[in-house]
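# 3D, please:
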Amino acid sequence: MKSGERKLKLNSMNTAAFFNLLGPIILNGVNFFTIPIFTRMLGTDNYGIVSIYTTWMQIFTILMGIQTCGALANGRVSFKPEEQDAYRSSTLFLSCMTSAVVAAVMLVFLQPVSNFMELSPLIVVIMLLHSFGAYVINFASMKYIHTKQAHKNFILSVGVTVLTIVLSLLFLFRIQEMELRYWGRILGYALPNIVIGIVLAVVMLGKGKTLFNKKYWKFCLPLCLPLIFHGLSQTILGQSDRVMLQKIVQDDGIVGIYSFIFTLTHLLGVIWNALNNTWVPYYYEYERDNEVETIETRSKNYRFLFTILCMGFILVSPEVVRAFASEDYWSGMNLIPIMAASQYMVFLYSFPVNFEFFHRKTALIAIGTCCAGGLNILFNFLLIPRYGMMGAAVATLAAYFLLFVFHQIIARYVIKQPYHYPWRFFLPGIIAVAVTCVVFYLIFDHRLWRWGLGAILGLLLIRRVYANGSLF
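Numbering: from 1, shown residues only. Take a look at the predicted model:
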């Protein structure tokens, strides 16, 4: 690659990384500071109804859209530039058709479904519209990511979140009856997604001017259908530890402590997701053009970046817990290294998974996630009765580690294509994070030592990024 082209691509990658990171930081900051407001305005009963609604909405977002957005990246490198709008229009229309079918079935059995979900029939109807709108927004977001329009994705995600919060607060202030306040939060959550989702659908369908195309549907369906099971299994993998902890320990206080530490360490997952959204479009181009040297160099920089971030997070996070939570939550600080290591395993398995996505092996991705979800449930069942919160954290770490091993084996030995990540590529990061976890427990009470090490890591990262002129 010529020097000028390489510099232009690095600038583009840095810009994308900036917007992809800024969006989650703003969204998580806003959500973090509004949680106390909504919990107080809703009360426990209303908050519970909203939580049930949100859970079902997330499930139906996966089912109604059938994850066609998962085929956007492959379509971008498989079809000509002049076909892209038509391809996206056709695959989105496929999601519209499946959404209509799912919604029709739900409406036919509306009363039984309402009774099963313990939600009113009208709320079920709102949930179906909300799920469709949320899927279209997600589809548009993935489009912006893979067309390297991170600024549009930033505007979309921040805009939806701000509208959701503002409308929710307006509705809540207008509803005087405490037992009906869940309506305010649900309507405030649903309306922006419904309206913006429908507008985006009309725009993308109108731009592509293609509804049914046999070639595009035949290309898309084998990729997206396994991702339904992948998405549902990810939900199980992310939620089963807290659900089983509640059922086995039967102590809401323990679950609350565990959930808070999970939320805190999930910030690493948010950062990884933003970085991965930046990395994948370029990685696909490197793979398509067989730029082996570039893949190896950029991947090492990516590994160094996230490894240092994870190590620094582990070392300084106890003070974050003390600053944002009462002393009742401090007993969960010993979970931080284990949960952070779980997020690091997610980062590691993304390397073989991105490779599998590129080669359209989504069925193998779904198999791995389903197995990991099952193993997490098994490990929770074995470890929680004896070790409580720590057992749940270790069970999740073990499941994610085995998921990484599974995908590494698939990418290296099953897919008969050149794979650029041998086992030794991952060892430096694994060793570094493992040593940091041990150091955390050894010097936990020595705040200055931990923050001193964190500062050194930060300086190393800044120096590396400055020398490379890029995060990757």
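
# could you list the low-confidence segments of the stretch 251-400 of the chain?
For the stretch 251-400 of the chain, residues meeting the criterion pLDDT under 70 lie at 251-253, 256, 325.

# can you give me the helices in the protein?
3-65, 72-78, 84-108, 110-117, 121-146, 150-174, 182-208, 214-249, 252-288, 292-324, 336-358, 362-409, 423-442, 447-468 (DSSP state H).

# who are the packing partners of the second one?
Using 3 or more C-beta pairs under 8 Å, 6 or more residues apart in numbering; DSSP states H and E as the contact test, the elements touching helix 72-78 are helix 84-108, helix 121-146, helix 214-249, helix 252-288, helix 336-358. C-beta: built from backbone N, CA, C; applies to glycine.

# by contact count, what packs against the shortest one?
For helix 336-358, the helices and strands in contact under the criterion 3+ C-beta pairs under 8 Å, 6+ apart are helix 72-78, helix 252-288, helix 292-324, helix 362-409, helix 423-442.

# that helix to helix 252-288, inter-axis angle?
Taking axes from the mean of the first three to the mean of the last three C-alpha atoms, to 10 degrees, one finds helix 336-358 and helix 252-288 inclined to each other by 30 degrees.

# between the helices of the chain, which gets nearest to residue 417?
Of all the helices of the chain, it is helix 336-358 that lies closest to residue 417, at 7.9 Å by C-beta to C-beta.

# quick revisit: tell me the most buried of the helices of the chain?
helix 336-358 (a mean of 24; mean count of other C-beta atoms under 10 Å).

# any idea how far that one is from the chain center?
Centroid separation for helix 336-358 versus its chain: 12 Å, with C-alpha atoms, centre = their mean, to the nearest Å.

# can I get it as PDB, trimmed to CA atoms?
Taking Å, rounded to 0.1, in the frame of the first residue of the first chain, the C-alpha atoms of helix 336-358 are listed here in PDB:
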ATOM      1  CA  ILE A 336     -13.400  -7.600  39.500                       C
ATOM      2  CA  PRO A 337     -10.300  -9.500  38.100                       C
ATOM      3  CA  ILE A 338     -12.400 -12.600  37.200                       C
ATOM      4  CA  MET A 339     -15.100 -10.700  35.500                       C
ATOM      5  CA  ALA A 340     -12.600  -8.500  33.700                       C
ATOM      6  CA  ALA A 341     -10.800 -11.600  32.500                       C
ATOM      7  CA  SER A 342     -14.100 -12.900  31.100                       C
ATOM      8  CA  GLN A 343     -14.400  -9.700  29.100                       C
ATOM      9  CA  TYR A 344     -10.800 -10.300  27.900                       C
ATOM     10  CA  MET A 345     -11.800 -13.800  26.700                       C
ATOM     11  CA  VAL A 346     -14.600 -12.200  24.600                       C
ATOM     12  CA  PHE A 347     -12.000  -9.900  23.100                       C
ATOM     13  CA  LEU A 348      -9.700 -12.900  22.300                       C
ATOM     14  CA  TYR A 349     -12.500 -15.100  20.700                       C
ATOM     15  CA  SER A 350     -13.400 -12.200  18.500                       C
ATOM     16  CA  PHE A 351     -10.300 -12.800  16.400                       C
ATOM     17  CA  PRO A 352     -11.300 -16.300  15.200                       C
ATOM     18  CA  VAL A 353     -15.000 -15.300  15.100                       C
ATOM     19  CA  ASN A 354     -14.300 -12.400  12.800                       C
ATOM     20  CA  PHE A 355     -12.400 -14.800  10.600                       C
ATOM     21  CA  GLU A 356     -15.400 -17.200  10.600                       C
ATOM     22  CA  PHE A 357     -17.800 -14.400   9.800                       C
ATOM     23  CA  PHE A 358     -15.600 -13.400   6.800                       C
END
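
# doesn't residue 357 make contact with residue 365?
Yes: here residue 365 reaches residue 357: they are 7.1 Å apart, a contact under C-beta atoms under 8 Å.

# of the helices and strands packed on helix 336-358, which is nearest residue 183?
helix 252-288 (25.4 Å).

# excluding covalently adjacent residues, which one is nearest to residue 54?
residue 189 (7.6 Å; C-beta to C-beta, 6 or more residues apart in numbering).

# what's around the residue nearest to residue 318 when sequence neighbours are not counted, how many residues?
Closest residue to residue 318 apart from its sequence neighbours, by C-beta to C-beta, 6+ apart: residue 333 at 5.0 Å. Residues lying near residue 333 (other C-beta atoms under 10 Å) number 20.
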